[in-house]
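J.: Sequence below, structure please.
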Amino acid sequence: MRMLAYSGLARHFWPSDSTETVRRKFKFPSVALYFDCLRPHNLALDINLIPLFEMFTSNIARSSQKLLRSSRQILEPSTQPFRTFATAQTDIFRPTKYGGKYTVTLIPGDGIGAEIVDSVKTIFKADNVPVEWEQIDVTGVETGEKLSEDLFRESITSLKRNKLGLKGILHTPIKRSGHQSFNVAMRQELDIYASTVLIKNIPGYKTRHENVDLCIIRENTEGEYSGLEHQSVSGVVESLKIITRAKSERIARFAFAFALANNRKKVTCIHKANIMKLADGLFRNTFNAVAKEYPTLEVNDMIVDNASMQCVSRPQQFDVMVMPNLYGGILSNVGAALVGGPGVVPGCNMGRDVAVFEPGCRHVGLDIKGKDQANPTAMVLSGSMLLRHLGLDGHANRISKAVYDVIADGKVRTKDMGGINSTNQFTRAILEKMEAAG
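T.: Numbering: from 1, shown residues only. A predicted model of the protein is given here:
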């Protein structure tokens with residue numbers, strides 16, 4: 001088994017010289033199993049790969065899990081950004097770098113995407129961040145179907161080459177066999193299987209609930225988003241929900257490793273196994289089986305209906321939450337509402353060797369497109385996370401600190417945060433904070 005440590009989210013919420021809340025250093029572990037590529041085909045091919053898989057991984061897996069379980073200290077960020085963790089295997093994350101600059105795929109997206117991406121580009125340029133953008137304007141709103149498909153293929157090639165992407169949200173579905181949207185197609189083709197969104201109060205911005213600090217980890221590649229549906233007869237549609245043991249185990253291990261690496265205490269499995277006894281039952285049972293390997297962590301499970309209610313009534317009870325695709329999409333939006341809305345929550349999608357950063361709440365904002373009203377916070381912080389992913393902590397600290405200083409001051413805020421300022425004014429305020437800090 002290969003385990004990767006990711007420090008790209010380390011202190012992205014609060015800079016190192018801020019309050020006590022900064023002390024939690026976020027790291028992204030990612031379980032990278034070579035045979036994961038083969039296991040989904042076991043049943044179809046009637047081949048049992050498990051003995052072969054265990055032959056190659058059992059010793060490494062045991063040593064990896066032993067180290068993870070025995071280590072509860074908070075790990076310092078950026079010592080090995082997205083490098084090998086608990087194994088001696090060689091690294092597979094090698095971002096593209098030419099002339100001292102990293103090349104990052106940039107996909108602005110639809111709606112307000114271009115506006116908030118411009119904020120990121122302006123801020124990065126002002127801080128002399130060593131990043132070169134490879135921008136691909138994929139959109140189903142403003143281009144024809146064939147051009148959209150061509151741009152989609154171009155973006156996939158770019159992400160495979162660069163290993164890193166910063167992406168806005170794409171709204172209009174692109175008609176591709178087996179997929180319903182560009183977002184889903186990209187996650188499945190690149191196998192960026194783990195969506196991670198941190199839901200945490202912002203200092204200086206008061207919301208209904210205080211002391212909210214939870215992480216939503218969502219399986220990204222199957223479930224109801226598998227894209228397998230058809231009309232059997234007129235007026236009757238069949239839609240398949242795919243849950244596999246291999247991918248359920250992979251996301252469960254990701255969640256537990258994330259919890260240990262970040263000194264989290266509790267992991268909650270969200271499901272609907274009382275109704276979908278086979279599909280969600282498999283997800284829950286797989287989670288519980290993996291949980292036995294992590295005796296130092298508190299573990300529980302909760303039906304998604306109840307979890308939704310508990311999130312809005314007593315969110316402080318949650319720490320790390322792991323769930324199938326659809327539930328993750330819903331609860332990420334609920335969680336964002338707890339701390340300020342979709343404009344303030346950054347996110348990341350992790351795969352075996354590709355990472356794509358984007359706002360954690362997938363809202364396109366078509367209603368405010370072109371009005372200079374969008375809140376760029378989520379996209380700017382997603383960019384800051386990307387910098388930590390590359391080990392560029394100095395730049396990431398300056399940018400994230402400036403963002404939160406602007407919000408804490410309360411003088412410049414966008415409309416969604418109760419202010420009257422524009423996207424450009426908010427961006428300029430961030431630049432002024434960075435300049436004042438030297």
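J.: neighbouring contacts of the helix or strand where Ile199 lies?
T.: Counting by DSSP states H and E, the element that carries Ile199 is strand 194-200. For strand 194-200, contacts defined as Cβ atoms under 8 Å, 6 or more residues apart in numbering pick out 9, 12-13, 21, 26, 28, 30, 212-220, 251, 254, 258, 315, 328, 332, 335-336, 338-339, 345-351, 360-361. Where C-beta positions appear, they are placed from N, C-alpha and C, glycine not excepted.
J.: Filter those residues down to the buried ones.
T.: 9, 12-13, 26, 28, 30, 212-220, 251, 254, 258, 315, 328, 332, 335-336, 338-339, 345-351, 360-361 (16 or more other Cβ atoms under 10 Å).
J.: Among the residues you listed, which ones are in strands?
T.: Among the buried ones among the contacts of strand 194-200, the residues falling in strands (DSSP state E) are 30, 213-219, 346-350.
J.: can those go into a markdown table with extra columns for pLDDT and distance to Ala114?
T.: Converted to a markdown table, those look like this (pLDDT from 0 to 100; distance: Cβ to Cβ, whole Å):
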| residue | pLDDT | distance to Ala114 |
| --- | --- | --- |
| Ser30 | 38 | 30 |
| Asp213 | 95 | 32 |
| Leu214 | 95 | 31 |
| Cys215 | 95 | 29 |
| Ile216 | 97 | 27 |
| Ile217 | 98 | 29 |
| Arg218 | 97 | 26 |
| Glu219 | 97 | 30 |
| Pro346 | 93 | 18 |
| Gly347 | 94 | 19 |
| Cys348 | 93 | 21 |
| Asn349 | 94 | 21 |
| Met350 | 92 | 25 |
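J.: possible to save those residues as CSV with distance to Val237?
T.: What follows is these, written out as CSV (distance: Cβ to Cβ, whole Å):
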residue, distance to Val237
Ser30, 35
Asp213, 40
Leu214, 35
Cys215, 35
Ile216, 29
Ile217, 30
Arg218, 25
Glu219, 23
Pro346, 35
Gly347, 30
Cys348, 33
Asn349, 28
Met350, 32
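J.: Can you give me the end-to-end span of stretch 331-348?
T.: 16 Å (Cα to Cα, to the nearest Å).
J.: Counting by contacts, list what the helix or strand hosting Phe357 packs against.
T.: Secondary structure from DSSP H and E places Phe357 in strand 355-359. Under the contact criterion of 3 or more Cβ pairs under 8 Å, 6 or more residues apart in numbering; DSSP states H and E, strand 355-359 touches strand 164-167, strand 346-350, helix 377-389.
J.: winner for burial among those?
T.: Between the helices and strands packed on strand 355-359, helix 377-389 has the highest mean count of neighbours, a mean of 28, where neighbours are mean count of other Cβ atoms under 10 Å.
J.: CA atoms only: put the next helix or strand after that one into CSV for me.
T.: Next along the chain after helix 377-389, taking DSSP H and E as the criterion, comes helix 393-409. Backbone C-alpha positions of helix 393-409 (Å, rounded to 0.1, in the frame of the first residue of the first chain) are rendered in CSV as follows:
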residue,chain,number,x,y,z
ASP,A,393,4.0,28.1,2.4
GLY,A,394,5.4,31.7,2.4
HIS,A,395,3.1,32.7,-0.4
ALA,A,396,0.2,30.7,1.0
ASN,A,397,0.5,32.3,4.4
ARG,A,398,0.6,35.9,3.1
ILE,A,399,-2.4,35.3,0.9
SER,A,400,-4.6,33.5,3.4
LYS,A,401,-3.7,35.9,6.2
ALA,A,402,-4.6,38.9,4.1
VAL,A,403,-8.0,37.3,3.2
TYR,A,404,-8.9,36.7,6.8
ASP,A,405,-7.6,40.0,8.0
VAL,A,406,-9.9,41.7,5.5
ILE,A,407,-12.9,39.7,6.7
ALA,A,408,-12.0,40.3,10.4
ASP,A,409,-11.8,44.0,9.9
